[in-house]
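Undergrad: Provided below are the primary sequence and the corresponding predicted coordinates.
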Amino acid sequence: MEQPTCGKGLAEHSVVPEKLAELLASLAESLEAHVPTIDSKDPNGLPEREAYGALAAEYHVIAGRLLAVARQMSGYRDLPMARHHEAALTAPRFVDLQGETPD
């Protein structure tokens, strides 16, 4: 059995920001797809188009940053394992964040 390490944990958890990036990129594309449906002759058309365009652009930026972080996390797979303070690993705050109960 392969020894778990913090680097491997980071790599395994990189799927979370990667999936969030995919979700937000999809949302951006959905917003962009809506823009051509807006009647440009309607007085409210321009503000709505601008709103959708601005939101889509922001979601693309956020998705790009999340994907970059996911790749960075994945890249730490071979990060050498450092010593850890056992007492800190069993502290209530750490245990609560991990969703586990101490043995």
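TA: Done, it's in.

Undergrad: How much space separates the residue nearest to the spatial centre of the chain from Ala70?
TA: Closest residue to the average C-alpha location of the chain: Pro17 at 2.7 Å, with CA atoms, centre = their mean. Distance of Pro17 to Ala70, computed by CB to CB, to the nearest Å: 4 Å. Any C-beta I mention is one placed from the backbone N, CA and C, and that applies to glycine too.

Undergrad: what do you get for Gln3?
TA: Using CB to CB, Gln3 is found at 23 Å from Ala70.

Undergrad: Looking at those two, which has the bigger crowd around it?
TA: Ala70 (21 against 6; other CB atoms under 10 Å).

Undergrad: For that one, give me its contacts.
TA: Neighbouring residues of Ala70 by CB atoms under 8 Å, 6 or more residues apart in numbering: 14-18, 21.

Undergrad: With Ala56 instead?
TA: Ala56 touches 28-29, 31-32, 35, counting by CB under 8 Å, 6+ apart.

Undergrad: could you flag which of these are buried?
TA: The neighbour count (16 or more other CB atoms under 10 Å) marks 28, 31-32, 35 as buried among these.
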